[in-house]
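Chemist: Turn this into a structure:
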Amino acid sequence: MHRPTRAFTLIEMLVVMGIIGVLVALLFPAIRGAQRAAERADAERLAVSVEGAMKAYYNEYGRFPLQNAASSLDKYYLMTDAEYTNVVAALRGLNLTENPKNIPFLDVSEKKLGDYLTHKKVLLDPWDTPFRICGDWSNNNEIDTLISGTTYGLVRGRQVIVWSAGPDRKDGDTTPTGLTNRQDNVTSWGE
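Modeler: Got it, this is the predicted structure:
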């Protein structure tokens, strides 16, 4: 006697595929959440690295990169894209004008560098925007970011602060009702 073999019917196969699809759909938000957390941790690590590199540069040369090019009226600075490119090159030991000893204060992999507008080899956060950097040029242990048009106000007890605008790529605005658009920012000083 020949016994018929048991095989999946079309309905059973569609049910199994549907169950697998539901499980994948349930797993997707968890995977995306883990990716967001990893991007945020990467941005924080890079911000702290840039802050440390700026401090090490200051300790070596007694000034920040490009500090001599700044206006004498402005004790603090938030760099333009061109200045940022030159500062990152100086911190990496590639700008001999600003770093004549060719010391690599900042060690980042090439994949962290990218193009931003017309500038090449710019250190970018995970959301492909440059980090913001402010330094205390007056050596009074406070940085007033409002001078530079950002929303952190007066940051005390820091020589340098570095932050990323986060996934929304917006620094934040000072508005009559308060501060906005900076909830997702990543800072080197734990703000």
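
Chemist: which residues in the chain form strands?
Modeler: 113-116, 119-123, 132-135, 142-144, 154-156, 160-164, 173-175, 178-180, 186-187 (DSSP state E).

Chemist: For the second one, give the mean pLDDT please.
Modeler: This predicted structure assigns strand 119-123 an average pLDDT of 81.

Chemist: again with the shortest one
Modeler: Averaging pLDDT along strand 186-187 gives 88.

Chemist: Tell me which other helices or strands it touches.
Modeler: Here strand 186-187 touches helix 10-61, strand 160-164, going by 3 or more C-beta pairs under 8 Å, 6 or more residues apart in numbering; DSSP states H and E. For every residue, glycine as well, the C-beta is placed using N, CA and C.

Chemist: And the second one, by the same measure?
Modeler: Under the contact criterion of 3+ C-beta pairs under 8 Å, 6+ apart, strand 119-123 touches helix 81-91, strand 113-116.

Chemist: Considering the helices and strands packed on strand 186-187, which stretch scores lowest in mean pLDDT?
Modeler: strand 160-164 (a mean of 88).

Chemist: Can you give me the neighbour number for T97?
Modeler: T97 has 10 neighbours, counted by other C-beta atoms under 10 Å.

Chemist: ugh, typo on my part, it should be A165
Modeler: 22.

Chemist: what sits against it?
Modeler: Shown in contact with A165 (C-beta atoms under 8 Å, 6 or more residues apart in numbering): D125, W127, T129, R132, D171, G172, N185.

Chemist: could you check the distance from the nearest residue to it once chain neighbours are set aside over to V186?
Modeler: Using C-beta to C-beta, 6 or more residues apart in numbering and skipping residues adjacent in sequence, the residue nearest A165 is D171, 5.0 Å away. Distance, D171 to V186, by C-beta to C-beta, to the nearest Å: 12 Å.

Chemist: coming back round to it: looking at the strands of the chain, spot the one closest to A56.
Modeler: strand 160-164 (10.3 Å; C-beta to C-beta).

Chemist: Using JSON lines, lay out the strands of the chain together with distance to V48 and mean neighbour count.
Modeler: Formatted as JSON lines, the strands of the chain follow (distance: least, C-beta to C-beta, whole Å; neighbours: other C-beta atoms under 10 Å):
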{"stretch": "strand 113-116", "distance to V48": "18", "mean neighbour count": "14"}
{"stretch": "strand 119-123", "distance to V48": "13", "mean neighbour count": "16"}
{"stretch": "strand 132-135", "distance to V48": "12", "mean neighbour count": "24"}
{"stretch": "strand 142-144", "distance to V48": "16", "mean neighbour count": "20"}
{"stretch": "strand 154-156", "distance to V48": "15", "mean neighbour count": "13"}
{"stretch": "strand 160-164", "distance to V48": "8", "mean neighbour count": "25"}
{"stretch": "strand 173-175", "distance to V48": "25", "mean neighbour count": "12"}
{"stretch": "strand 178-180", "distance to V48": "23", "mean neighbour count": "11"}
{"stretch": "strand 186-187", "distance to V48": "9", "mean neighbour count": "22"}
